[in-house]
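Asker: Fold the following for me, if possible:
(chains A, B, C and D)
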There are 2 protein chains.
Amino acid sequence: MNSSALPSTPAPGRPKDMEKRTAVLEAAMVLFPSRGYDGVSMDAIAQAAGVSKLTVYSHFADKEALFGAAVTECCAQLLPHQLFVPDPGLPVAEALFQIARPFVDLMMDERAVSLHRVMISQAGQDRRLTEIFFCAGPRAILLEMESFLQEARRSGYLRVADPARASEHFFCLLKGLGHMRVLVGLSEPPSSEQRDAHVREVVGIFLRAFAPEAL
Amino acid sequence: MNSSALPSTPAPGRPKDMEKRTAVLEAAMVLFPSRGYDGVSMDAIAQAAGVSKLTVYSHFADKEALFGAAVTECCAQLLPHQLFVPDPGLPVAEALFQIARPFVDLMMDERAVSLHRVMISQAGQDRRLTEIFFCAGPRAILLEMESFLQEARRSGYLRVADPARASEHFFCLLKGLGHMRVLVGLSEPPSSEQRDAHVREVVGIFLRAFAPEAL
DNA sequence: GTCTATATAGCGATAGAC
DNA sequence: GTCTATCGCTATATAGAC
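Answerer: Predicted coordinates for the structure are as follows:
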């Protein structure tokens, strides 16, 4: 598409183009989650990016388009961070802990919390964007867990009739009331020790519910 | 305070006062949760209430005060609706179902969902308001469940070391992924049959995790 | 392609008539 | 106590100079 090797006309003038575009996008990725869609103006984004407002409009059609790009990029950057795959051959309880502990850290991450807030506050506005968020976030994690549970069932370590549903239960327990409290701004994220204790408790419940042998 | 029996001066002119006040408050209780704090203007509230904008300002100091009153009233109207007390003498599984089923209905109630959305989107704005919401909502339900679990433990029907934590787990499982999907606007609330099945599954998990005998 | 300056519109909150 | 009309401010989006 883009001819980039012509000496005379090296594509009519776009050297700093991408730099400014990413500056704008990065500013939007910080401001939108932290202050909400209505809470941040195009001026604020332009100022934070160190460019003029019209430069923002030259790269993104309007505010909604910039918001969509920012959310999409946030999803992409937050998730692959760590896709919870436990070491093979570990006892089930340990494997579950290795999956659960980074998940709790992710859920308490300030950026993830802000992203949740802004997606919830924009519910019903842009369905395609919601699906992007959900598929890149919750859905991806759930699928990872589902395949782990299928393997554990095949090996006889767990008795899960419906791995997809069991995955939902597991992560809902992990989020717990703590996530809700942080989401509404009532609590600070828990300490590392509190997270450890919480994860251990949840893993215990999950095992009592789905382990083949009775405790 | 208010002398209401003087024939000559029946309190200098306040007959329709409360009527308009409630009209304004009811309009705010509908509009704020559905369109968000920034999404609704004082003009819109005045128009929906059928009064002038200055009438709104005569009853509520500013937009924040009106928002606070609306949220507080929403909490009061949504909760006492049904404070989940099961019939005494019922089997534990049945009692849990009687607690859980109306809770799921409440969580899927459009007004409750909208209230969640607006509280989450306003996180960090007004801490006192957040506490009003949390105490009137989640906290009240959790305390009810906690006392039920204490009684069940005393009777030997359940083996819950920490009733408060077990209550959290129970309701987090009940909310499940479905609540999240509705919250972000990805799914419609589930059908009555789906809710039944979900509640039965969660009660089963809870019992396998906390019942004294193994399944 | 980028910036300063501006058009247009809507917001929260207020002043004065009845 | 209630309403019409308006101020002051800020937002999105655009027009013209370099």
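Asker: Any stretches of chain A with poor pLDDT?
Answerer: When residues are selected by pLDDT under 70, those of chain A lie in A:1-16, A:81-82, A:214-215.
Asker: ok and the residue in it nearest DNA strand D?
Answerer: The nearest approach of chain A to DNA strand D comes at residue A:41, 3.0 Å away (C-beta to the nearest atom of the strand). Backbone N, C-alpha and C define where each C-beta goes, glycine included.
Asker: number of nearby residues for the residue nearest to residue A:87 when sequence neighbours are not counted?
Answerer: Excluding the flanking residues, the one nearest residue A:87 by C-beta to C-beta, 6 or more residues apart in numbering or on different chains is residue A:98, at 6.7 Å. Neighbours of residue A:98 under the rule other C-beta atoms under 10 Å in any protein chain shown: 16.
Asker: Can you give me the buried ones in the strand or helix carrying residue A:98?
Answerer: For residue A:98, the host element (DSSP states H and E) is helix A:92-108. Buried residues in helix A:92-108, counted by 16 or more other C-beta atoms under 10 Å in any protein chain shown: A:92, A:95-101, A:103-108.
Asker: go on, stretch A:33-45?
Answerer: Quick answer for stretch A:33-45 (16+ other C-beta under 10 Å): A:33, A:34, A:36, A:37, A:39, A:40, A:42, A:45.
Asker: out of everything not next to it in sequence, what's closest to the second one?
Answerer: Read that as residue A:34. Residue A:34 sits nearest to residue A:114 (C-beta to C-beta, 6+ apart), 5.4 Å away.
Asker: so which of the buried residues of helix A:92-108 comes closest to residue A:51?
Answerer: Lowest distance from residue A:51 to the buried residues of helix A:92-108 (C-beta to C-beta) belongs to residue A:106, with 31.5 Å.
Asker: Break chain A into its domains for me.
Answerer: A:18-71, A:79-214 (automatic domain parsing).
Asker: can you list those domains in JSON lines and add distance to residue B:25?
Answerer: Listed next are these as JSON lines, based on distance: least, C-beta to C-beta, whole Å:
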{"stretch": "domain A:18-71", "distance to residue B:25": "23"}
{"stretch": "domain A:79-214", "distance to residue B:25": "22"}
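Asker: so where do the helices sit in chain A?
Answerer: Assigned by DSSP state H, chain A shows helices spanning A:17-35, A:42-49, A:53-59, A:63-78, A:92-108, A:110-121, A:127-134, A:140-155, A:163-183, A:192-210.
Asker: Just send those back as CSV, with distance to DNA strand C too.
Answerer: Output for the helices of chain A, formatted as CSV (distance: least, C-beta to the nearest atom of the strand, whole Å):
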stretch, distance to DNA strand C
helix A:17-35, 4
helix A:42-49, 7
helix A:53-59, 3
helix A:63-78, 14
helix A:92-108, 33
helix A:110-121, 16
helix A:127-134, 23
helix A:140-155, 34
helix A:163-183, 24
helix A:192-210, 39
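Asker: quick one, which of the ones you listed is nearest to residue B:131?
Answerer: Of all these, helix A:163-183 comes closest under C-beta to C-beta, at 10.8 Å.
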